[in-house]
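Chemist: Only the shape, not the letters, is given here:
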């Protein structure tokens, strides 16, 4: 399977993460309740060695494409985006992301990263369908995926357990354009 090292957009550089990217700032996002409240990783405190293990595991898995989201202006690491697992037989892949630096929320960076990784999934990996899901209360994530061309396929009622009780799971998809 093709492993991309870098994907460029107008404002962002998505590049494969390395152990050197497991910084204090990255660990800080992953342990910040305002950032991780919709992430499944929120159940354990994560230190830099945990991040290195995660990065190394993703990089060793040919069905996973993990990228750091970096601003092209200043090479600032503001989040991560992952495509995987990829199922080449069925032409499927799932996207998950985090914009860890709250000062970069609401600026369209998530939409830009999602659109770029979705193009890579369709054009380079020949995936027919790219999926994503989010908690019903994660309005920002849902808006970013919809702005990147995803459609809501369905809602799983009371699917996730959250600090506020049960939450719906919103299932989204982007289909490979017909040629």
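Modeler: That came in fine, so what should we check first? Bear in mind that the values here come from a model prediction, so they are computed numbers and not experimental data.

Chemist: In contact with residue 132, which residues are there?
Modeler: Residues near residue 132 by Cβ atoms under 8 Å, 6 or more residues apart in numbering: 94, 95, 96, 114, 145, 150, 172, 173. (Each C-beta comes from the backbone N, C-alpha and C, glycine too.)

Chemist: right, and residue 97 touches residue 113 too?
Modeler: Yes. Assessed by Cβ atoms under 8 Å, residue 97 is found in contact with residue 113 at 6.4 Å.

Chemist: More neighbours: which of these two?
Modeler: residue 113 (27 against 23; other Cβ atoms under 10 Å).

Chemist: Could you verify that the more buried one is part of a strand?
Modeler: No. Using DSSP: H, G, I helix; E, B strand; the rest coil, the assignment for residue 113 is helix, not a strand.

Chemist: correct me, but it touches residue 96?
Modeler: No. Using Cβ under 8 Å, residue 113 makes no contact with residue 96, being 11.3 Å away.

Chemist: between those two, what contacts are shared?
Modeler: Common contact partners of residue 113 and residue 96 (Cβ under 8 Å, 6+ apart): residue 81.

Chemist: picking up where we left off before, overlap in contacts, residue 97 and residue 113.
Modeler: Listed as contacting both residue 97 and residue 113 by Cβ under 8 Å, 6+ apart are 69, 79, 81.

Chemist: returning to what we had before: tell me the one of the contacts of residue 132 nearest residue 26?
Modeler: residue 96 (15.6 Å; Cβ to Cβ).

Chemist: Dig out what that closest one forms beta bridges with.
Modeler: Note on residue 96: beta-bridge partners residue 82, judged by DSSP bridges.

Chemist: Cool, thanks, signing off.
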